[in-house]
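**Student:** I would like to see how this sequence folds:
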Amino acid sequence: MGRASYAIAIGSNRRGYHGSPEQEVAAALKALGGVVAVAPVIRSAPLGPSLRRYANTVALVESPLSPPEMLARCKAIERSFGRRRGRRWGTRVLDLDLVLWSGGPWASHGLIVPHPAFRTRDFVLDPLAQLAPDWRDPVSSLTIRQLARRLRRARAVDPAAPAP
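**Tutor:** Numbering: from 1, shown residues only. Below you'll find the model as predicted:
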């Protein structure tokens, strides 16, 4: 396989080895390697029961790794930052999610790309739209810009509503 491009969502809402959530995100970017673009870090409300706000961004990464290999790399980085499996939606030092890759859709045991929930997450779509507004979702064929607009419109009508 040649070099592929990945959109990776990065989030933290707990201090770790590197410091504040923002410092954890910055350290994760260095650990990923191959980063060609990064959106500004934003603060967002947590999903689920956690009370701590997240530091979130999206990075575009170029790599020769296949999607399963990139997932394994992301999980290894999360573990090296102190992430432990536990309660879903709990606080976490680091969360790395493969959102998209340049090869289109991918499905294998434990991995679905595009990320199944990315279309409903403004903390992913807004930063991604800054980096790659014309990248198309291989499932809906909509651009990231279009998906972000749809989500904003849905949230303006009903802040608790999922994306259309």
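**Student:** low-scoring stretches of the chain, by residue?
**Tutor:** Along the chain, the model assigns pLDDT under 70 to residues 1, 48-51, 86-90, 159-164.
**Student:** And for residue 59, the neighbour number?
**Tutor:** 24 (other CB atoms under 10 Å). Bear in mind the C-beta positions are built from the backbone N, C-alpha and C, glycine included.
**Student:** Shouldn't it be within a helix?
**Tutor:** No - judged by DSSP: H, G, I helix; E, B strand; the rest coil, residue 59 forms no part of a helix; its state is strand.
**Student:** OK, contacts around it?
**Tutor:** The contact partners of residue 59, taken as CB atoms under 8 Å, 6 or more residues apart in numbering, are 7-8, 10, 29, 32, 35, 37-39.
**Student:** Pick the one among those residues closest to residue 21.
**Tutor:** Closest approach between these and residue 21, by CB to CB: residue 10, at 10.2 Å.
**Student:** Could you report the neighbour count for the closest one?
**Tutor:** The number of residues near residue 10, taken as other CB under 10 Å, comes to 27.
**Student:** Neighbouring strands - and their directions - for the stretch of helix or strand it belongs to?
**Tutor:** Element membership for residue 10, per DSSP states H and E: strand 4-12. Paired neighbours of strand 4-12 in the sheet (DSSP bridges): strand 54-63 (antiparallel), strand 95-101 (antiparallel).
**Student:** For residue 135, grab the count of nearby residues.
**Tutor:** Residue 135 has 19 neighbours, counted by other CB under 10 Å.
**Student:** swap in residue 115?
**Tutor:** Using other CB under 10 Å, residue 115 has 17 neighbouring residues.
**Student:** So it belongs to a strand, correct?
**Tutor:** No - counting by three-state DSSP, residue 115 is not part of a strand but coil.
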